[in-house]
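> my questions are about this predicted structure, shown below with the sequence.
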Amino acid sequence: MTSFQGSEPGPAPKGHVPPGPRPPVRRMTARGRGEAHRVATPLELLFDLCFVVAVAQAGAQLVHAVAGGHAGEGVLNYAMVFFAIWWAWMNFSWFASAYDNDDALYRVVTLVQIAGVLVLAAGVSRAFERHEFLAVWLGYLIMRLAMSAQWLRAAASTTGAERRTALRYACGVLLCQVGWLGLLVLPEPARPWVFLVMALAEMAVPVYAERAAGTSWHPHHISERYGLFVIIVLGESIAAATVAVKSGVDVHDALGELLPIAAGGLLIVFAAWWIYFAVPIHGYLRSNRESFLWGYGHYVIFASAAAIGAGIEVAVEQAVGQAHVSTLAASAAVTVPTTLYLLTVWALHARHFKVGTAQQLVLPVSALVIAVCTFAGRWAVLAAGVAAALTVVLGVTLTARGARAEAVAGPNSRDTHAV
């Protein structure tokens with residue numbers, strides 16, 4: 001990761017290179033936090049799309065594990081693989097927000113990172129089915145070596161505390177990669193502990209590095225990058241669920257059994273999108289302190305959003321008799337990640353913009369209702385979808401009432417946002 005833990009960002013850097021003819025290799029100097037019109041680049045969009053290939057592979061293997069009656073093992077493997085995907089994505093995103101100079105060398109190194117995640121994606125099935133992590137480790141190695149090279153470029157282009165920060169990131173990334181060798185050489189029972197220790201070590205690197213000097217990430221750019229990845233992950237969930245429903249209808253002619261699942265799943269995904277983008281979170285990301293929990297907490301948001309699609313697939317397979325799990329377990333495969341998603345979005349996003357008890361309770365109560373929907377039998381997914389949709393309706397209604405109250409109270413009253 002980069003640039004949001006431990007200390008306040010340093011002084012506003014020099015700004016971006018002005019438009020016009022530029023050499024193919026340039027100094028990697030920090031970009032300004034106040035830079036206007038900072039948006040995601042086409043290279044960043046390609047980066048996200050290729051990372052979702054790995055997310056899709058992890059989701060597909062989660063479906064096989066849960067549908068086969070191995071939910072515990074499947075969730076553990078999913079958590080481990082998804083961490084590697086998410087952490088590498090997050091490292092790049094925060095680094096790019098501070099140092100993207102868009103020269104030829106930067107582009108090439110970023111493309112190498114993309115190649116690394118595709119190697120990782122190719123090894124996901126073996127990691128789930130045979131507990132062989134070699135391909136996953138190699139893909140992660142490619143990404144991390146490329147990330148270290150970027151930090152070394154940044155270190156070579158600066159001096160003082162900023163240089164120390166860049167060197168700490170580069171060394172920390174490389175040392176952690178050595179630690180991940182434990183997944184290859186240690187016996188299988190020890191691997192969950194290796195994952196836990198190394199995940200904590202990875203997350204400690206930014207905390208240590210940022211003590212030297214904070215890097216100049218751009219709040220609007222970062223919030224946009226996270227939002228785009230949420231959209232892509234939710235889109236992957238829709239695509240996977242659509243393929244599962246189509247297969248169930250074509251092969252088993254089970255439209256009646258699958259229609260409630262399809263409708264409920266679609267409502268859940270639509271509501272998940274609406275709820276996430278109801279607040280302008282970039283206004284909250286003013287310093288490293290606010291961004292610390294926000295950036296790390298998105299592991300749960302991304303993982304649960306992807307798991308919703310996997311859960312819908314499990315529910316479809318159970319409805320057509322292809323899954324070796326009960327209706328209750330198949331329902332939980334949808335409602336549990338949905339509940340986690342709502343609670344985490346509330347904790348990271350929504351609660352900072354709510355006014356009054358009623359608005360604060362909307363998402364936590366909705367999460368509880370969706371969890372209870374698990375016990376609604378074959379109607380569980382539809383019931384959860386209706387509950388999610390009603391959450392949006394209630395949030396919009398409360399916001400409209402708040403807006404009317406603000407109009408009466410005057411222009412100095414606080415803004416509120418739907419859901």
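Okay, I see it.
> what residues are up against the closest residue to residue 22 other than its chain neighbours?
When the adjacent residues along the chain are set aside, residue 22 lies closest to residue 103, with 7.2 Å between them (C-beta to C-beta, 6 or more residues apart in numbering). For the C-beta atoms, the positions are set from N, CA and C on the backbone; glycine is no exception. The contact partners of residue 103, by C-beta atoms under 8 Å, 6 or more residues apart in numbering, come to 22, 23, 24, 25, 26.
> what's in contact with whichever strand or helix holds residue 358?
In the assignment (DSSP states H and E), residue 358 maps to helix 357-372. Applying C-beta under 8 Å, 6+ apart, the external contacts of helix 357-372 come out as 275, 335-336, 338-339, 342-343, 345-346, 350-351, 354, 384, 387-388, 390-391, 394-395, 398-399, 402, 416, 419.
> are any of the residues you listed buried, and which?
275, 335-336, 338-339, 342-343, 345-346, 350, 354, 384, 387-388, 391, 394-395, 398-399, 402, 416, 419 (16 or more other C-beta atoms under 10 Å).
> give me the angle between the helix or strand where residue 337 lies and helix 357-372.
Per DSSP H and E, residue 337 falls inside helix 327-348. Comparing the axes of helix 327-348 and helix 357-372 via axes from the mean of the first three to the mean of the last three C-alpha atoms, to 10 degrees yields an angle of 160 degrees.
> got any ranges where the stretch 251-400 of the chain has weak pLDDT?
The stretch 251-400 of the chain contains residues with pLDDT under 70 at 282-284, 287-290.
> what about residue 304, helix or strand, and which?
Using DSSP H and E, residue 304 maps to helix 288-319.
> by contact count, what packs against the helix or strand following the helix holding residue 358?
Downstream of helix 357-372, the next assigned helix or strand under DSSP H and E is helix 380-409. Judged by 3 or more C-beta pairs under 8 Å, 6 or more residues apart in numbering; DSSP states H and E, helix 380-409 is in contact with helix 255-276, helix 288-319, helix 327-348, helix 357-372.
> would a markdown table of those helices with distance to residue 84 be doable?
Below are the helices and strands packed on helix 380-409 laid out as a markdown table (distance: least, C-beta to C-beta, whole Å):
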| stretch | distance to residue 84 |
| --- | --- |
| helix 255-276 | 23 |
| helix 288-319 | 11 |
| helix 327-348 | 19 |
| helix 357-372 | 28 |
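> closest to residue 96 out of those?
Closest approach to residue 96 among the helices and strands packed on helix 380-409 (C-beta to C-beta): helix 288-319, 13.8 Å.
> is residue 207 in a helix, a strand, or coil?
For residue 207, the assignment made with DSSP: H, G, I helix; E, B strand; the rest coil gives helix.
> surely residue 269 meets residue 306?
No. Judged on C-beta atoms under 8 Å, residue 269 makes no contact with residue 306 at a distance of 11.2 Å.
> of the two, who's got more company?
The residue with more neighbours, out of residue 269 and residue 306 and counting by other C-beta atoms under 10 Å, is residue 306; that gives 27 against 22.
> quick one, what contacts the more buried one?
Per C-beta under 8 Å, 6+ apart, neighbours of residue 306: 55, 58, 59, 82, 233, 236, 237.
> and the residues you listed, which of them are in helices?
Counting by DSSP state H, the part of the contacts of residue 306 found in helices is 55, 58, 59, 82, 233, 236, 237.
> for residue 151, state which of those residues is nearest.
Nearest to residue 151 among the ones in helices among the contacts of residue 306, with distances taken as C-beta to C-beta, is residue 82, at 23.7 Å.
> for the residue most central in space within the chain, give me its contacts.
Taking C-alpha atoms, centre = their mean, the centroid of the chain lies closest to residue 302, which sits 3.1 Å from it. Counting by C-beta under 8 Å, 6+ apart, residue 302 touches 55, 82, 86, 229, 230, 233.
> what touches both of residue 269 and residue 306?
By C-beta under 8 Å, 6+ apart, the residues touching both residue 269 and residue 306 are residue 237.
> related to what we said a few turns ago, for the helix holding residue 337, name the packing helices and strands.
Helices and strands touching helix 327-348, by 3+ C-beta pairs under 8 Å, 6+ apart, are helix 255-276, helix 288-319, helix 357-372, helix 380-409.
> just confirm residue 309 contacts residue 242, I think it does.
No. The criterion here is C-beta under 8 Å, and residue 309 misses it with residue 242 at 9.4 Å.
> just to revisit the earlier point, which of the contacts of residue 103 sit farthest apart?
Across the contacts of residue 103 (C-beta to C-beta), the longest gap, 9.6 Å, separates 22 and 25.
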